[in-house]
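Trainee: here is my input; please provide its structure:
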Amino acid sequence: MGKVTGPRKGSMQFWPRKRAKKSHARIRSWANIKDSKLLCFPGYKAGMTHIIVNDNRPKSITKGEELRIPVTVVECPAVKIMGLNFYKKTPKGAVLSSCILSPNLDKELSRKIRVPKKTKNIEDVKEFDDVRAIIYTQPKKTGIGKKKPDIFEIAVGGAKDAKINYLKDLIGKEISVKDIFDEGQQVDIHAITKGKGTQGPVKRFGIALKSHKSEKGRRRPGSLGSWCGQQHMMYRVAYSGQTGYHVRTERNKWLLKIGDKIEEINPKGGFVNYGLVKNDYVLLKGSIPGSIKRLIKMTYPTRPNKRLISEAPTIQHISLKSKQGK
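Mentor: Okay, here's the model as predicted:
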């Protein structure tokens, strides 16, 4: 069999491959759940470690045995609800009809927005079809050195009246990750991948190197298209350009633990390029996109895997070995 000269990794999986507009991901679709609760919670990626658990999967060939699982640690300081956005359905889609803000907002928000002196009451909003919460993070509680909070909108589960009853008592109050998620459930991860700048087609699309006798470069694509067809270079051609810093979603990650005892998770010397975890944290099975200290959004799964169990395994050991190297 001859040498493969085309892309190895499916070059057109994502397009266009351009830089994300913000440092946190945009969420385009939300899950439909009956419970009235926020459908998303943010956290900051701290690093990775490994745990030893008892396999609790009923159909696994290693049922009851000890397994070593790599996990990602995400620090989740409490968030606050800044206000509510009310939407009205129109033939052109949902349109923002009204917005209310909490009368008591933190001083850190003045770094991001201009806070109005007068705000509406929730009773003044009459006609609307949907309501979403505006939350902001509190990075000052972590050790990442960030001061400005991130502000974004989150959908809420349940019926319209149930959403109002759930949100009206939470405006201006803190919400922890324990109020949103449970151990053992699946979550979708929305993040911005590591930025790698401008890269060539070999690294960007995974095309194979050409022969050393090839004309005009080994690391270039073999053809840019037909001579008399489109009269320009098609976007399908694997070529150099922006690599990394893209919006990506990983579905159905297993949430293994929600903890609040920092001595159980902080390794000796802290996590590399992050430091010590100071707030609530979650352990997610495997790796997740994004660089250290980047904001990660965890949401209820839109396409849950029904074959996965919803019970977290018993954790026997969490590795606290130093990640600083030799």
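Trainee: tell me where the stretch 201-326 of the chain has strands.
Mentor: 241-244, 247-259, 281-285, 295-299, 315-318 (DSSP state E, counting those that start in this stretch).
Trainee: could you chop this protein up by domain?
Mentor: 17-76+176-207+234-326, 78-175 (automatic domain parsing).
Trainee: dump those domains to JSON lines, plus mean pLDDT and distance to Gly217.
Mentor: The C-beta positions use only the backbone N, C-alpha and C, and glycine is treated the same way. Formatted as JSON lines, those follow (pLDDT from 0 to 100; distance: least, C-beta to C-beta, whole Å):
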{"stretch": "domain 17-76+176-207+234-326", "mean pLDDT": "94", "distance to Gly217": "9"}
{"stretch": "domain 78-175", "mean pLDDT": "87", "distance to Gly217": "42"}
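Trainee: out of those domains, which is closest to Gly225?
Mentor: Relative to Gly225, the nearest member of these by C-beta to C-beta is domain 17-76+176-207+234-326, separated by 5.3 Å.
Trainee: against Leu256, how distant is Pro70?
Mentor: Plainly put, Pro70 is 11 Å away from Leu256 if you go by C-beta to C-beta, to the nearest Å.
Trainee: now Lys146
Mentor: Lys146 sits 26 Å away from Leu256, going by C-beta to C-beta.
Trainee: between the two, which one's more packed in?
Mentor: Remark: of Lys146 and Leu256, Leu256 carries more neighbours, 19 against 15, as counted by other C-beta atoms under 10 Å.
Trainee: that one touches Leu283, doesn't it?
Mentor: Yes. Judged on C-beta atoms under 8 Å, Leu256 makes contact with Leu283 at a distance of 4.6 Å.
Trainee: please enumerate the shared neighbours of these two.
Mentor: Shared contacts of Leu256 and Leu283 (C-beta atoms under 8 Å, 6 or more residues apart in numbering): Ile51, Val71.
Trainee: can you redo the domains of the chain as JSON lines with distance to Lys216?
Mentor: JSON lines is the format used below for those (distance: least, C-beta to C-beta, whole Å):
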{"stretch": "domain 17-76+176-207+234-326", "distance to Lys216": "13"}
{"stretch": "domain 78-175", "distance to Lys216": "46"}
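Trainee: about what we covered before: which residues do Pro70 and Leu256 both contact?
Mentor: With C-beta under 8 Å, 6+ apart as the test, Pro70 and Leu256 both reach Lys285.
Trainee: which stretches of the stretch 151-300 of the chain form helices?
Mentor: Taking DSSP state H, counting those that start in this stretch, the helices of the stretch 151-300 of the chain run over residues 160-167, 201-205.
Trainee: who touches stretch 295-308?
Mentor: Residues from elsewhere that reach stretch 295-308 (C-beta under 8 Å, 6+ apart): 23-25, 27, 29-31, 33, 39-45, 74, 137, 150, 157, 181, 186-191, 251-252, 254-255, 282, 288, 290.
Trainee: quick check: end-to-end length of it?
Mentor: End-to-end distance for stretch 295-308: 26 Å, by C-alpha to C-alpha, to the nearest Å.
Trainee: buried sites along that stretch?
Mentor: The neighbour-count check on stretch 295-308 (16 or more other C-beta atoms under 10 Å) flags Leu295, Ile296, Lys297, Met298, Thr299, Tyr300, Pro301, Thr302, Pro304 as buried.
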